[in-house]
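*Asks:* fold the following and give me the result.
(one chain, ligands or ions: 1)
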Amino acid sequence: MDRRHLLKNSLALGGLVSLGARTTTAQTPRVPLMDRPFNLAPIRAHVDRIYDIKCCIRPFRTKGPRLDVEQIGDAMVVHNYGHSGAGWSLSWGSADMQVQKAMSRSPKKIAVIGCGIIGLTSALMAQRAGAEVTIYTKELLQRTRSVRANGSWTPASHMALASDAPANLGDIWERMTRISWKNLRPYIGMAGNPLAFADHYYLSDMPFDAPRPPPPPGPVPIPEYYELGDRIGDITPKLQVLTPEIHPFPVKYARRTTRLFFNFSEYGHLLVSDFFAAGGKIVMRDFHSPGELAQLPEKVIINCPGYAAHDWWKDKAMVPHRGQTEWLIPQPEVNYGLTYRNIEALSKSDGIMMIDTGIPGALPKGYGNSNEVPDRAEAEAAVRVMEELYSRFPANPV
Ligand SMILES: Cc1cc2nc3c(=O)[nH]c(=O)nc-3n(C[C@H](O)[C@H](O)[C@H](O)COP(=O)(O)OP(=O)(O)OC[C@H]3O[C@@H](n4cnc5c(N)ncnc54)[C@H](O)[C@@H]3O)c2cc1C
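*Replies:* Model (predicted):
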C-alpha cells in the first residue's frame, strides 16, 4: 500500500473523507505527511443542538488598556481594565505589571475590584507577590462577562484605535503578551485541559486574497485599529496552505494553523480554587462611585471592573463592542476548529462554540452596540452556515 492509500484510508476511518477537487502537482505545496490532517470528526451542526447563547460587551478602550495609578483619598488605585477582545490572553501579563505597581508600597493587604479574568489573575499574582488579598465584586466569575467570551489566544484583538493609542502601546502590549504566554504554560497538559491547543482551519470557496466589494457606507465610520506589527512571530505557529488533495473539507481553499484556547469551566475552577487555597477572600459588593473605594480597609487597590468602567468611572474611552457566541452540545471527538464565511467554530470541553466574526473590512460586528440580549436568529444563522458546509459531504461515505 503506498503513502497516498494509507492517508486516504486513515481519513475514511471514522473521519471526514476528502471531497476536494484535484489540483495539479505544480500547485500542490509540500506538506509533509506529519502535517496532514487525519481523522477529523464532523461537527454536528444543527440548530436543535444549540443549548446556550451567550452575549456580552468587549471592554474596548480606544486608548488601549487603562494601566495608570490614581490616588483616591488615602487609597492608591492601580487600574487594570479595557483589554478589549484579548482579556483572557493578556490577563497574566497585565496582572504582573499592575501588581508590581501595587507592591511598590509594600502593602500587607491588597483589595482587587472585580472577579472576571483580569481581577482573578491580578488577585493570584498579588498573592504570589506575598500580599493578603480580598476580592470585592458584584458578580463571581461564572456570572461575569468574561465567561461569555470566545476564549482563544487572541492577544492582539482590537487593542486600541490608531488615533488614540499612546506611542508606547506596542511595547507594553508585547511585554504583557510574553508574560502571559509564560504564565499560561503551567496550565497546559493539566487534567481536564484548562488550556489546550487545537488545529484551526480557515476555509473558503474563493482565493483568500480575492478582491471583495467595498462594504456599504454606514452611520459609524470603520475604526482604524492600532497596528501592533509582527512582534510575537516566534511564539505563533505559521499558517500552512493545504490543497484539496491534502485536506478533507469540501472547499477549494484551505489554510491551517494551531491555536491555544481556554476551557472556561476547568480553567476558571482552577483559578478560583488556587485563590482560596492561598487564603484569598471574596466579598460581594456593588460600588457606585470611585470615592467608595477610599472606605475600604485596604489602601492599595487593583481596579478591574471591565466594561463597567464606562459608567462607574465615566471612562468615555470605553466603547461597547457586542459579541455573541452560540454553544452546541459538546463533541469530544472533534479536536479542531474552523472558520468559514466569517463563522468561527471551536470544539471546547463544554460545547462546540460558534461566533460570527463579521465581514472583513466592514465595521466590526457589534462595534458600538451595547445590547447584551442574546439573538436567536443570529445564532441559528451561524449554525446554518456550518450545517451547509458539512452537508456537502456524501451521506454514506465509503
Ligand atoms: C464575544 C467575545 C469574545 C471574546 N473572545 C475572546 C478571546 O477569544 N480571547 C480573549 O483573550 N478575550 C476574548 N474576549 C475578551 C475578554 O472576554 C475580555 O477582555 C475579558 O473578559 C475582560 O475581563 P474583565 O475581568 O476585565 O471584565 P469582566 O469579565 O466584565 O469582569 C468585571 C468584574 O468587575 C465586577 N464589577 C463591575 N462593576 C462593578 C461594580 N460597580 N461594583 C463591584 N464589582 C463590579 C464584575 O462583577 C466582574 O466581576 C471576548 C469578549 C467577547 C465579548
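*Asks:* when you work out contacts or count neighbours from here on, use the C-alpha atoms and nothing else.
*Replies:* Fine.
*Asks:* measure the nearest residue to residue 108 once chain neighbours are set aside to residue 75 for me?
*Replies:* Leaving out its chain neighbours, the residue that sits closest to residue 108 by CA to CA, 6 or more residues apart in numbering is residue 131, at 5.3 Å. Using CA to CA, to the nearest Å, residue 131 is found at 16 Å from residue 75.
*Asks:* ok, the two, which is more surrounded?
*Replies:* residue 131 (21 against 18; other CA atoms under 10 Å).
*Asks:* unless I'm mixing things up, that one is touching residue 110, no?
*Replies:* Yes: using CA atoms under 8 Å, residue 131 is in contact with residue 110, at 6.3 Å.
*Asks:* flag every residue of the stretch 201-350 of the chain that's near the ligand.
*Replies:* 285, 286, 287, 288, 304, 305, 306, 307, 308, 322, 323, 324 (CA under 6 Å from any ligand atom).
*Asks:* test my guess that the last one contacts residue 58.
*Replies:* No: no contact is recorded between residue 324 and residue 58 when judged using CA under 8 Å, the distance being 10.3 Å.
*Asks:* could you list the low-pLDDT ranges of the stretch 151-300 of the chain?
*Replies:* Applying pLDDT under 70 to the stretch 151-300 of the chain flags no residue at all.
*Asks:* list the residues that contact the closest residue to residue 363 other than its chain neighbours.
*Replies:* Distance criterion CA to CA, 6+ apart; nearest residue to residue 363, sequence neighbours excluded, is residue 222 at 4.9 Å. By CA atoms under 8 Å, 6 or more residues apart in numbering, the residues touching residue 222 are 362, 363, 364.
*Asks:* which one (most neighbours) among those?
*Replies:* Highest count within the contacts of residue 222 by other CA under 10 Å belongs to residue 363, 20 neighbours.
*Asks:* can you classify that one as helix, strand or coil?
*Replies:* Under DSSP: H, G, I helix; E, B strand; the rest coil, the three-state class of residue 363 is coil.
*Asks:* check contacts around it.
*Replies:* 220, 221, 222, 223.
*Asks:* can you pull the buried residues of stretch 268-285?
*Replies:* 268, 271, 272, 275, 280, 282 (16 or more other CA atoms under 10 Å).
*Asks:* give me the contacts around it.
*Replies:* The contact list for stretch 268-285 (CA under 8 Å, 6+ apart) reads 120-121, 123-124, 127, 132-139, 141.
*Asks:* grab the nearest non-local neighbour of residue 362.
*Replies:* residue 215 (5.4 Å).
*Asks:* hang on, that neighbour is in a strand, isn't it?
*Replies:* No: Residue 215 is assigned coil when assessed by three-state DSSP, not a strand.
*Asks:* ok, now how distant is it from residue 221?
*Replies:* Distance from residue 215 to residue 221, by CA to CA: 11 Å.
*Asks:* next one: stretch 85-96 to chain centre, how far?
*Replies:* Distance of stretch 85-96 from its chain centroid, counting by CA atoms, centre = their mean, to the nearest Å, is 11 Å.
*Asks:* ugh, wrong one, I meant stretch 273-281
*Replies:* Centre-to-centre, stretch 273-281 and its host chain are 25 Å apart (CA atoms, centre = their mean).
*Asks:* do stretch 248-257 as well
*Replies:* Centre-to-centre, stretch 248-257 and its host chain are 23 Å apart (CA atoms, centre = their mean).
*Asks:* use 21 as the first number for this chain going forward.
*Replies:* Sounds good: first residue 21 from here, last item stretch 268-277.
*Asks:* quick one: terminal-to-terminal distance for that stretch?
*Replies:* Stretch 268-277: ends 16 Å apart by CA to CA.
*Asks:* keep only those of the contacts of stretch 288-305 that are in strands.
*Replies:* By the criterion of DSSP state E, membership of the contacts of stretch 288-305 in strands covers 152, 153, 154, 155, 156, 157.
*Asks:* the fifth one reaches residue 134, doesn't it?
*Replies:* Yes: using CA under 8 Å, residue 156 is in contact with residue 134, at 6.1 Å.
*Asks:* the two: which is more packed in?
*Replies:* residue 134 (30 against 22).
*Asks:* enumerate the residues of the stretch 71-220 of the chain near the ligand.
*Replies:* Proximity of the stretch 71-220 of the chain to the ligand, by CA under 6 Å from any ligand atom, involves residues 76-79, 101, 103-109, 133-139, 157-160, 164-166, 169-175.
*Asks:* out of those residues, list just those in helices.
*Replies:* 107, 108, 109, 137, 138, 139 (DSSP state H).
*Asks:* more neighbours: residue 344 and residue 78, which one.
*Replies:* The neighbour count for residue 344 versus residue 78, taken as other CA under 10 Å, is higher for residue 78 (28 against 25).
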